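Trainee: Take this sequence and fold it.
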Amino acid sequence: GEDGWSGGERGWARGRGRAGEVGGMPKNKGKGGKNRRRGKNESEEKRELIFKEDGQEYAQVLRMLGNGRLEAQCIDGVKRLCHIRGKMRKKVWVNAGDIVLVGLRDFQDEKADVILKYLADEARSLKAYGELPETIRVNETDTFAEEENENDDFFDFDDIENAIEEI
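Mentor: Okay, the predicted model is just below:
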């Protein structure tokens, strides 16, 4: 039975080679590609600039709290706990320093809901229109900027979640 044994070993090595490939480069390449595509579309659609309405305020994200929540400094000077609405949570990756539009709640002044995230150039336009105070520093880069290598770690995270949902 010596032959059978070495045959088995060969099969095992072959199987392992296959598994190794899956864990290696190809997986990441596929993922990165998906994200890049997704990113490009987001920035290509030129959407119209949205100004705040009654009961809404511009805010700058101070820090992410996880779980769809974040702390933001509104331009009316109040720090508020903001909640990212479901529709946005899946699609938009919000970072500290981003400019967002939040909806205020009459009954709870310290809480607000993130309605929309402004891209860097939109935030600059808002400043130009005098909607945002000069003191706010706009992040120069969007999450979907061309220097993708910088943000690759982000995407992987995001993707692990998506991959789970897709199954």
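
Trainee: residues in contact with residue 115?
Mentor: Each residue near residue 115 by CB atoms under 8 Å, 6 or more residues apart in numbering is listed here: 56, 85, 88, 100, 101, 102, 103. From N, CA and C alone the C-beta is placed, and that goes for glycine too.

Trainee: let's see it at 10 Å
Mentor: With contacts defined as CB atoms under 10 Å, 6 or more residues apart in numbering, the neighbours of residue 115 are 50, 52-53, 56, 82, 84-85, 87-88, 100-103.

Trainee: so it is in which element?
Mentor: Counting by DSSP states H and E, the secondary-structure element that holds residue 115 is strand 108-117.

Trainee: The next helix or strand after that strand - contacts with which helices or strands?
Mentor: Past strand 108-117, heading to the C-terminal end, the next element that is a helix or strand (DSSP H and E) is helix 120-128. In terms of contact count using 3 or more CB pairs under 10 Å, 6 or more residues apart in numbering; DSSP states H and E, helix 120-128 is assigned the packing partners strand 56-66, strand 99-105.

Trainee: Ranking these by mean neighbour count, which comes first?
Mentor: Neighbour counts (mean count of other CB atoms under 10 Å) averaged over each of those peak at strand 99-105, with a mean of 21.

Trainee: Parallel or antiparallel, list what pairs with it.
Mentor: Listed by DSSP bridges, the sheet partners of strand 99-105 and their directions read strand 56-66 (antiparallel), strand 108-117 (antiparallel).

Trainee: can I get these in JSON lines with distance to residue 78?
Mentor: Converted to JSON lines, those look like this (distance: least, CB to CB, whole Å):
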{"stretch": "strand 56-66", "distance to residue 78": "8"}
{"stretch": "strand 108-117", "distance to residue 78": "7"}
